[in-house]
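Visitor: Here is my input, please return the structure:
(one chain, ligands or ions: 2)
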Amino acid sequence: MNLRSDDELLHYIVTEDPRETEALFARARAAREKYYGADVYFRGLIEFTNYCKNDCYYCGLRRSNTKIERYRLSLEQILMCAGLGAMLGYRTFVLQGGEDPYFTRERVVEIVGALREKYPECAITLSIGERSRKSYAAFREAGANRYLLRHETANAGHYAKLHPASMSLGNRKRCLFNLKKLGYQVGSGFMVGTPFQTPENLLEDLRFLQSLEPDMVGIGPFIPQSDTPFGEEAQGSMAQSLRMVALSRLLLPAALIPATTALGTIHPQGREKALLAGANVVMPNLSPKATRKLYALYDNKICTGDEAAECLGCMTGRIRRVGFVPNMCRGDVALKRLQSGRLLRME
Ligand code: 5AD
Ligand code: FES
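Guide: Numbering: from 1, shown residues only. Ligands and ions are numbered 1, 2, ... in the order given. Just a heads-up that it's a prediction; the model follows:
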């Protein structure tokens, strides 16, 4: 297994052979162990707006979804979530939202600046979609360290089947490369099992990750949301999602890879299985209990009824039970392998 050729990658993208998949997962665990040991890092997720100007066919927050009750958290509410998180021990806050025009460059700068001032030792991650390079630069200046923006699919034809014509893969990629140039630790990623996806598309996703070299990679199964055009489509496969986690780990061994909520949603042990396939990050929810149910990207999302402290306790136990070690430190991408093979410490 050297995973260099397209043919071999394609083979592992589709194989259902239990011995082959276990060998793949064992290799992925070894790669992650080499860079991060047994540690699993925590990120506190603050879902601060479910307004979105986009109309992605798969996503429950799409603007055409009139069934969803919309909300925005105020600066004070965001600071309360972060305060609770800090008290619980979190050192990374992920501010995630739809592409909400209310949160102008100035407003986002104000939020990031307030968090930066109050929590100078914490990492601040933004996940608010496509913005201008100038805005990304302003957020970075205000103190943001990381940015999550999944590419969703690296095939332009497939991208066009999942998004309206107003959105393009080209712009998504431009944003990702801009973020890198601005010195963010960048996260990308994709869904597994979206309508019309082929194994070749997933191969392109892996090849794109290799060219971008992101610091974080988020992968989760597609899960239909009943109030979207894809509401009746089939859900993505857990087994294939896990194989994509493992392959991403092997191609980008130093990456931070979350065991995603979507995986936990389609199987009670989905997140544990992801850890055993090479993931090393969890992102429990710090959002106020009252708004959690409203951040309905897909149906049956887990952890929408739990308090922040419950999720922390639950995840800690889950991590320990599969033999890993919960780590509440910032968990920056620790090491980068240079072409020479030397390891470089970041930040
Ligand atoms: N199923 C699974 N994941 C989804 N996302 C959005 N809608 C869905 C869905 N129906 C993912 C996208 C997005 C992330 C925040 O959530 O990949 O980038
Ligand atoms: Fe939220 Fe388990 S992580 S209840």
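Visitor: For the spatially closest residue to residue 255 that is not a sequence neighbour, give its distance to residue 246.
Guide: Excluding the flanking residues, the one nearest residue 255 by Cβ to Cβ, 6 or more residues apart in numbering is residue 217, at 5.1 Å. C-betas here are computed from N, CA, C, even on glycine. Going from residue 217 to residue 246 by Cβ to Cβ, to the nearest Å gives 11 Å.
Visitor: residues in contact with residue 205?
Guide: 151, 153, 154, 190, 244 (Cβ atoms under 8 Å, 6 or more residues apart in numbering).
Visitor: Make CSV from these and add neighbour count, distance to residue 16 and secondary structure to it.
Guide: Formatted as CSV, the contacts of residue 205 follow (neighbours: other Cβ atoms under 10 Å; distance: Cβ to Cβ, whole Å; DSSP: H, G, I helix; E, B strand; the rest coil):
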residue, neighbour count, distance to residue 16, secondary structure
151, 21, 26, coil
153, 25, 22, coil
154, 23, 24, coil
190, 26, 20, strand
244, 27, 14, helix
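Visitor: For ligand 2, give me its nearest residue in the stretch 101-250 of the chain.
Guide: Distance from ligand 2 to each residue of the stretch 101-250 of the chain (Cβ to the nearest ligand atom) is smallest for residue 220, at 14.7 Å.
Visitor: where's that residue, which helix or strand?
Guide: strand 216-221 (DSSP states H and E).
Visitor: Show me what that strand is packed up against.
Guide: Applying 3 or more Cβ pairs under 8 Å, 6 or more residues apart in numbering; DSSP states H and E, we find strand 216-221 packed against strand 146-148, strand 185-192, helix 238-251, helix 261-266.
Visitor: Counting by contacts, list what the third one packs against.
Guide: Just to be clear, that refers to helix 238-251. helix 6-14, helix 18-36, strand 185-192, helix 199-212, strand 216-221, helix 261-266, helix 270-276.
Visitor: For the chain, what lies in contact range of ligand 1?
Guide: The chain has residues 58, 59, 150, 152, 191, 220, 222, 223, 225, 262, 297, 298 near ligand 1, with proximity defined as Cβ under 6 Å from any ligand atom.
Visitor: and the third one, that's in a strand?
Guide: No - secondary structure assignment places residue 150 outside any strand; it is coil (DSSP: H, G, I helix; E, B strand; the rest coil).
Visitor: Could you give the number of residues near it?
Guide: 21 (other Cβ atoms under 10 Å).
Visitor: quick one, what contacts it?
Guide: By Cβ under 8 Å, 6+ apart, the residues touching residue 150 are 187, 188, 189, 190, 191, 218.
Visitor: What of the last one?
Guide: For residue 298, the contacting residues are 58, 59, 60, 222, 223, 224, 225, 262, 265, by Cβ under 8 Å, 6+ apart.
Visitor: and with 6 Å instead?
Guide: Contacts here follow Cβ atoms under 6 Å, 6 or more residues apart in numbering; on that basis residue 298 touches 223, 225.
Visitor: Can you read off the pLDDT for it?
Guide: As predicted, residue 298 sits at a pLDDT of 97.
Visitor: Confirm it sits in a helix?
Guide: No - Residue 298 sits outside any helix when classified using three-state DSSP, being coil.
Visitor: tell me the secondary structure for residue 124?
Guide: Going by three-state DSSP, the state assigned to residue 124 is strand.
Visitor: Any idea what it is bridged to?
Guide: residue 93 (DSSP bridges).
Visitor: Give me the distance between it and residue 327.
Guide: Distance from residue 124 to residue 327, by Cβ to Cβ: 18 Å.
Visitor: Please say which of the two ends up with more neighbours.
Guide: Taking other Cβ under 10 Å, residue 124 and residue 327 do not tie; residue 124 has more neighbours (22 against 18).
Visitor: Turn the helices and strands packed on strand 216-221 into TSV, columns for mean pLDDT.
Guide: What follows is the helices and strands packed on strand 216-221, written out as TSV (pLDDT from 0 to 100):
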stretch	mean pLDDT
strand 146-148	98
strand 185-192	98
helix 238-251	98
helix 261-266	98
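Visitor: For the closest residue in space to residue 246 that isn't next to it in sequence, list the residues it contacts.
Guide: Using Cβ to Cβ, 6+ apart and skipping the chain neighbours, the partner closest in space to residue 246 is residue 28 (3.8 Å). By Cβ under 6 Å, 6+ apart, the contact list for residue 28 reads 246, 249, 250, 277, 278.
Visitor: Could you do residue 236 as well?
Guide: Residue 236 makes contacts with 192, 193, 221, 222, as judged by Cβ under 6 Å, 6+ apart.
Visitor: I'd say the second one and residue 219 touch.
Guide: No - contact between residue 193 and residue 219 fails when scored by Cβ atoms under 6 Å: they sit 10.9 Å apart.
Visitor: what's the burial count for residue 38?
Guide: 15.
Visitor: and if you look at the one 5 residues further on?
Guide: Other residues lying near residue 43 total 25 when counted by other Cβ under 10 Å.
Visitor: partner residues bridging residue 146?
Guide: Beta-bridge pairing for residue 146 (DSSP bridges): residue 125, residue 185.
Visitor: try residue 44
Guide: With DSSP bridges as the rule, residue 44 is bridged to residue 93.
Visitor: can you list the residues that contact the helix or strand encompassing residue 157?
Guide: Assigned by DSSP H and E, residue 157 belongs to helix 156-162. Residues outside helix 156-162 that contact it (Cβ under 6 Å, 6+ apart) are 57, 58, 153, 169, 194, 196, 201.
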